[in-house]
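Student: generate a structure from the sequence data that follows.
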Amino acid sequence: MTDIRVYTARALDEPVRLPLEEALHTIECGEMDEEVGLMRWGSNYTFLVTLVCDGAGLLAIYKPRDGERPLWDFPDGTLCNRETAAYLTSKALGWGLVPPTALRAGTRGIGSVQLFIDHDPETHYYTFDRARLERQLQRMAIFDAIANNADRKGGHCLIDTEERLWGIDHGLTFNASEKLRTVIWEYAGMPIPAAILADLHTFCARLDDDDDAYTRAMRGLLSTSELRMLRRRVQELLADGRFPLPGPGPNRPWPAV
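Tutor: Numbering: from 1, shown residues only. The predicted model follows:
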């Protein structure tokens, strides 16, 4: 993908098309110019903000570390790290399922900053034509298994105007303990397609290379045990060759959307 449709500060009613690299650079380096509003879903503080770089601004989702609600099963102050780790993992797999995301300073301190994707908020996993999106959904299912996603709700699956699938809200990922909770179970037990297995083999080689840029970046975001279990989950998927089955504990998020 060489370009992406985004909302900018000058075109809030109509998205414009920007080169992906320009959007990435703005997410990482743009000045957080304005808080457009507080997003009222979820239990952690989430802001819609404008990022400005070289005179142009675009909209992003900002989740400051100081706005994270403490959880008993995730270390305090790490959810923004996990949002960023999810993006890096999706990028390393070559799948581009997670919008460009960076861990950086903002108006309320360090947090994750993610490109706001143009989408219809009434369209989600339970409303779109899943058969037409099967290849993308299969990647999403494997991505969630790799990331140990504990919160893949139907509303965390977005479709943009070009029918590209995006996953958002990855704060509850990469726990060292088994946490997979998702609504995408239709492929459970089925063989993983050869193309996805090939991507997993390449990804596993990157995990085994301590000098790889992805591996180095992940060491700054996750604990040693979390990275060890990430590697183990990939190895188990490759050894089994099938989509994972639901575990014995809660395996669907609540609410489902």
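Student: beyond the helix or strand containing residue 35, next helix or strand please.
Tutor: Take DSSP states H and E as the rule and residue 35 turns out to sit in strand 31-38. Once the chain leaves strand 31-38, the next helix or strand it forms, by DSSP H and E, is strand 47-53.
Student: could you export the very next helix or strand once past that following strand as CSV, CA atoms only?
Tutor: Scanning forward in sequence from strand 47-53 by DSSP H and E, the next helix or strand is strand 56-64. Extracted in CSV, the C-alpha atoms of strand 56-64 (Å, rounded to 0.1, in the frame of the first residue of the first chain):
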residue,chain,number,x,y,z
ALA,A,56,-0.4,19.8,7.2
GLY,A,57,-2.4,18.2,9.9
LEU,A,58,-4.2,14.8,10.3
LEU,A,59,-6.4,13.2,12.9
ALA,A,60,-5.1,10.5,15.3
ILE,A,61,-6.2,8.5,18.3
TYR,A,62,-4.1,9.4,21.4
LYS,A,63,-4.1,7.2,24.5
PRO,A,64,-2.0,8.7,27.2
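Student: helices or strands up against strand 56-64?
Tutor: Judged by 3 or more C-beta pairs under 8 Å, 6 or more residues apart in numbering; DSSP states H and E, strand 56-64 is in contact with strand 3-8, helix 20-29, strand 31-38, strand 47-53, helix 79-93, strand 109-115. Where you see a C-beta, it was placed from the backbone N, CA and C, and this is true even at glycine.
Student: quick check: buried residues in the second one?
Tutor: Taking 16 or more other C-beta atoms under 10 Å as the neighbour-count basis, helix 20-29 is seen to contain the buried residues 22-24, 26-27.
Student: quick one: average pLDDT of it?
Tutor: Helix 20-29 carries an average pLDDT of 86.
Student: what packs against it?
Tutor: Using 3+ C-beta pairs under 8 Å, 6+ apart: helix 20-29 touches strand 3-8, strand 47-53, strand 56-64, strand 101-106, strand 109-115.
Student: chain center to that helix, what's the gap?
Tutor: Distance, stretch centre to chain centre, for helix 20-29: 16 Å (C-alpha atoms, centre = their mean, to the nearest Å).
Student: for the last one, same thing?
Tutor: Chain-centre distance of strand 109-115: 13 Å, with C-alpha atoms, centre = their mean.
Student: wait, what's in contact with residue 167?
Tutor: Residue 167 makes contact with 86, 90, 97-98, 140, 143-144, 152, 156-158 under the criterion C-beta atoms under 8 Å, 6 or more residues apart in numbering.
Student: and of the residues you listed, the nearest to residue 192?
Tutor: Closest approach to residue 192 among those (C-beta to C-beta): residue 143, at 12.0 Å.
Student: please name the nearest non-neighbouring residue to the closest one.
Tutor: Nearest residue to residue 143 in three dimensions, chain neighbours excluded: residue 97, at 5.6 Å (C-beta to C-beta, 6 or more residues apart in numbering).
Student: many thanks, I have nothing further to ask.
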